[in-house]
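In: quick one, fold the following:
(one chain, ligands or ions: 1)
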Amino acid sequence: MVGAGFAGLYGVHRFRTDGLSVRGFERGSGVGGTWFWNRYPGARCDIESIYYSYSFSEELQQEWTWTHRYATQPEILAYLNHVADRFDLRKAFAFDTSVTSAVFDDESQTWTVTADNGEIVRCRFVVMATGPLSTPVDPQIPGLTEFGGQVVRTSDWLDEIDLTGKRVGIVGTGSSCIQSAPIIADEAEHLHVFQRTPQFSIPAWNRPYDEDEIARIKAGYPRMRQDAWDTVGGIIYEQADHDPLTATPEQRQAWLERTWARGGYLMIASYPNVVFNDEVNSMVGEFVKEKIRARIHDERVADQLTPTYPFAAKRLCVDTDYFEIYNREDVTLVDLREHGISHADTGGIVLKDSSRIDLDVIVLATGFHALTGAILGIDLRGRGGVTIQEKWSGSAANHLGLTVAGFPNFFMVSGPGSIGVLYNMIPAAEQHIDFIADAIAYLDSHGLTSIEPTEEAEKAWSAHVNEVAEQSVYPKANTWYMGDNVPGKPREFLAYAGGGPAYFEHFTKEQAEGYPSFVLRERSSR
Ligand code: NAP
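Out: Numbers count the residues shown, from 1 in each chain. A predicted model of the protein is given here:
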């Protein structure tokens with residue numbers, strides 16, 4: 001098991017419960033994955049806590065009480081530490097340890113996994129629970145290493161930094177910036193936000209849960225989980241009672257106001273076809289743009305902060321008081337579309353028009369080599385010594401976002417082509433782990449040794465993932481969903497946009513029909 005985040009922890013628990021022996025590796029010094037590393041000020045989950053949590057143990061659901069609608073990073077990390085202790089998961093892992101290679105041996109049908117602590121493990125199965133957003137991408141700013149102040153990434157901001165009296169620049173305006181900038185603005189002497197592309201962001205309207213609410217949730221958890229499972233995104237939400245294309249403008253406005261008041265990421269579910277129908281997309285997009293503009297006093301700054309691409313084509317952000325920071329004297333928006341960054345020097349950042357911005361701290365909130373980065377970072381060799389880098393040189397071919405042809409007994413939790421990043425990540429990870437555990441049990445009970453998808457199934461899945469995405473607005477913006485933020489990465493959609501029920505149906509069918517899209521091998525048949 002590679003990774004001790006949500007997926008890796010549950011994986012160790014489930015596999016051990018099934019009687020398997022598991023060795024885990026985690027590059028952090030503790031459990032938590034994303035929630036271990038991303039400790040920037042203001043980090044919190046933008047999916048509601050009662051959904052963004054494990055469903056596998058009713059006891060756990062009953063004993064843990066979430067304090068807020070959207071939990072902070074420390075609260076989520078405390079939850080994962082609690083889970084690790086409660087299910088005694090820590091001892092399976094080597095911490096501060098990265099896996100450097102995993103090589104499949106055709107003869108014995110086993111993997112040899114090597115870690116940077118010198119440990120070598122021979123195993124039958126390799127599970128990459130390495131997270132879809134875990135490999136940071138640094139901007140190529142010439143001279144950044146010359147900068148005399150401090151450079152910190154939001155994605156590994158481990159120690160608290162006192163920003164009092166400091167001139168801070170933050171590069172990038174995705175979720176990590178949008179969550180951290182309001183807190184940084186309160187602390188710093190002056191904040192410059194370097195924006196390349198404006199973002200759609202919806203207010204979180206975060207609040208504490210009250211006791212009655214928690215009691216109601218706890219009394220109905222199993223039902224709530226089931227109902228959530230049956231939705232497109234893994235979260236229960238109120239749906240529109242009208243078709244936006246035939247409704248009156250008043251009806252639409254009233255409904256969008258209601259979804260706005262509900263707040264958060266669920267604005268993406270304001271209408272079921274919002275990412276698939278350009279007209280509906282534009283209606284919702286225009287509504288949100290007006291809301292954004294209303295939060296900013298200066299017309300020119302409001303123009304600069306208004307997105308110009310389809311609504312939700314880039315991953316929606318969820319904020320608390322983000323746009324309002326631009327009404328402060330001590331916050332400046334630097335629109336990089338006017339003047340890009342030329343370079344950094346010892347004192348700060350110099351723009352292409354030669355203007356310079358003096359800084360004490362540069363925060364990089366510039367995103368991740370999403371979905372494939374962590375896997376490509378390992379020397380991974382499948383049948384015949386083929387490397388994953390060779391295999392994925394033109395496209396991250398895979399089946400169901402979970403398996404790769406030529407890489408037997410190799411699984412990726414929420415890998416490229418999976419629903420993960422377009423669904424509630426936690427039940428999606430639980431479902432992948434359960435499928436893997438069931439597949440292993442199937443192999444063992446049928447005297448089989450290995451499982452890998454057929455080339456045909458893989459081609460069909462990759463085509464299907466892109467075909468669904470082509471019908472949506474997703475390819476119409478430069479995004480990490482499309483691999484655009486990493487130089488040289490093939491441009492293709494890296495998630496499944498067809499919704500939970502359609503996605504999970506594929507897994508149900510595989511199990512019911514004896515894994516028809518997979519090759520199952522006996523040791524003797526080789
Ligand atoms: P991101 O959304 O990829 O944003 C990166 C930002 O950096 C973008 O604004 C990008 O601009 C900018 N950028 C990249 N290279 C640059 C350069 N060379 N010069 C200037 N700007 C540059 O990254 P993120 O904010 O870390 O979020 C990534 C994902 O993590 C999110 O979409 C979300 O799925 C997840 N996340 C979730 C939460 C949560 O609450 N659950 C919080 C944080 C993150 P362009 O847009 O022009 O490329």
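
In: could I get the buried residue list for the helix or strand harbouring V12?
Out: Assignment of secondary structure by DSSP states H and E places V12 within helix 6-17. Residues F6, A7, G8, L9, Y10, G11, V12, H13, R14, F15 are the ones in helix 6-17 that count as buried (16 or more other C-beta atoms under 10 Å). (C-beta placed from N, C-alpha, C; glycine too.)

In: pull the most distant pair out of the residues you listed.
Out: F6 and F15 (15.1 Å; C-beta to C-beta).

In: in this protein, where is pLDDT below threshold?
Out: Within the chain, the segments meeting pLDDT under 70 span 524-526.

In: domain parsing of it, as residue ranges.
Out: With domains defined by automatic domain parsing, the chain comprises 6-135+369-522, 168-212+231-364.

In: check contacts around the residue of the stretch 201-350 of the chain found nearest the ligand.
Out: Nearest residue of the stretch 201-350 of the chain to the ligand: R315, at 3.5 Å (C-beta to the nearest ligand atom). Residues in contact with R315, defined by C-beta atoms under 8 Å, 6 or more residues apart in numbering, are G174, S175, V421, T479, W480, Y481.

In: using the three-state scheme, assign it.
Out: For R315, the reduced secondary structure class is coil; criterion used: DSSP: H, G, I helix; E, B strand; the rest coil.

In: I'd like to know how far V486 sits from I388.
Out: Distance of V486 to I388, given as C-beta to C-beta, to the nearest Å: 15 Å.

In: try K314
Out: Plainly put, K314 is 27 Å away from I388 if you go by C-beta to C-beta.

In: out of the two, which sits in the busier spot?
Out: When K314 is set against I388 and neighbours are counted by other C-beta atoms under 10 Å, the residue ahead is K314, at 25 against 22.

In: so T112: helix, strand or coil?
Out: Put simply, T112 is strand when judged by three-state DSSP.

In: the nearest residue to it once chain neighbours are set aside - how many residues pack around it?
Out: If the residues on either side of it in the chain are set aside, T112 comes closest to V103, at 5.0 Å by C-beta to C-beta, 6 or more residues apart in numbering. Counted with other C-beta under 10 Å, the burial measure for V103 works out to 16 neighbours.

In: also the one 3 residues further on?
Out: The burial metric for D106, expressed as a neighbour count using other C-beta under 10 Å, is 12.

In: same thing with the one 10 residues further on?
Out: By other C-beta under 10 Å, the residues close to D116 number 14.

In: what of the one 5 residues further on?
Out: With neighbours defined by other C-beta under 10 Å, the count for V121 comes to 16.

In: list the contacts of the residue of the stretch 351-500 of the chain found nearest the ligand.
Out: Closest approach of the stretch 351-500 of the chain to the ligand (C-beta to the nearest ligand atom) occurs at G367, with a separation of 2.6 Å. Under the criterion of C-beta under 8 Å, 6+ apart, the neighbours of G367 are L133, P136, V137, G172, G174, S176, W480, N485.

In: do you know how far it is from N206?
Out: If you measure G367 against N206 using C-beta to C-beta, the figure is 23 Å.

In: now L364
Out: As it turns out, when the distance is counted by C-beta to C-beta, L364 lies 26 Å from N206.

In: E452 now?
Out: Taken as C-beta to C-beta, the span from E452 to N206 is 44 Å.

In: coming back round to it: can you list the buried residues of helix 6-17 in CSV and add distance to the ligand?
Out: Shown next, in CSV, are the buried residues of helix 6-17 (distance: C-beta to the nearest ligand atom, whole Å):
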residue, distance to the ligand
F6, 12
A7, 15
G8, 18
L9, 18
Y10, 18
G11, 21
V12, 23
H13, 23
R14, 24
F15, 27
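
In: of the residues you listed, which is the nearest to A429?
Out: For those, the nearest to A429 is A7 (3.8 Å; C-beta to C-beta).

In: the closest one reaches D434, doesn't it?
Out: No. A7 lies out of contact with D434 (C-beta atoms under 8 Å); the separation is 11.3 Å.

In: helices of the stretch 151-300 of the chain, start to end?
Out: In the stretch 151-300 of the chain, the segments counted as helices under DSSP state H, counting those that start in this stretch are 175-187, 211-219, 221-229, 249-262, 278-294, 299-305.

In: which other helices and strands does the longest one contact?
Out: Right, the one you point to is helix 278-294. Under the contact criterion of 3 or more C-beta pairs under 8 Å, 6 or more residues apart in numbering; DSSP states H and E, helix 278-294 touches helix 249-262, helix 299-305.

In: recalculate using a threshold of 6 Å.
Out: With contacts defined as 3 or more C-beta pairs under 6 Å, 6 or more residues apart in numbering; DSSP states H and E, helix 278-294 has no helix or strand neighbours.

In: could you check the angle helix 249-262 makes with it?
Out: If you take axes from the mean of the first three to the mean of the last three C-alpha atoms, to 10 degrees, helix 278-294 sits at 60 degrees to helix 249-262.

In: buried stuff in helix 278-294?
Out: For helix 278-294, by 16+ other C-beta under 10 Å, it's V280, N281, M283, V284, G285, F287, V288, K289, K291, I292.

In: what do you get for the third one?
Out: Of all the residues in helix 221-229, those buried under the rule 16+ other C-beta under 10 Å are Y221, M224, R225, A228, W229.

In: cool, the shortest one as well?
Out: Of the residues in helix 299-305, those buried under the neighbour-count criterion (16+ other C-beta under 10 Å) are V301, A302, Q304, L305.

In: and those residues near the ligand, which?
Out: Applying C-beta under 6 Å from any ligand atom to the buried residues of helix 299-305, one finds that nothing falls near the ligand.

In: can stretch 494-509 be said to contact the ligand?
Out: No. Against the ligand, stretch 494-509 shows no contacts by C-beta under 6 Å from any ligand atom, the least distance being 10.4 Å.

In: what residues does that stretch touch?
Out: 232, 234, 371, 400, 416, 419, 421-423, 435, 465, 468-469, 472, 481 (C-beta atoms under 6 Å, 6 or more residues apart in numbering).

In: for the residues you listed, work out which two are farthest apart.
Out: Checking the contacts of stretch 494-509 against each other with C-beta to C-beta, the farthest-apart pair comes out as F435 and S472, at 25.4 Å.

In: ok, I357 to R122 distance?
Out: Following C-beta to C-beta, the distance that separates I357 from R122 is 54 Å.

In: settle it for me: which of those two has more neighbours?
Out: I357 (19 against 10).

In: where's D138, which helix or strand?
Out: In this structure, D138 sits in neither a helix nor a strand according to DSSP H and E.

In: what about it, how many residues close to it?
Out: 13.

In: from S462, how far out is it?
Out: Here the criterion is C-beta to C-beta. By it, D138 lies 29 Å from S462.

In: what does R337 give?
Out: Per C-beta to C-beta, R337 is found 34 Å from S462.

In: the more surrounded of the two?
Out: Here R337 and S462 are set side by side on neighbour count (other C-beta under 10 Å), and the busier one is S462, at 20 against 11.

In: check contacts around that one.
Out: With C-beta under 6 Å, 6+ apart as the criterion, the residues that contact S462 are A397.

In: what about it, which SS state?
Out: The local conformation at S462, judged by three-state DSSP, is helix.

In: mind checking which of L364 and N206 has more residues around it?
Out: Taking neighbours as other C-beta under 10 Å, L364 and N206 compare with L364 leading, 25 against 18.
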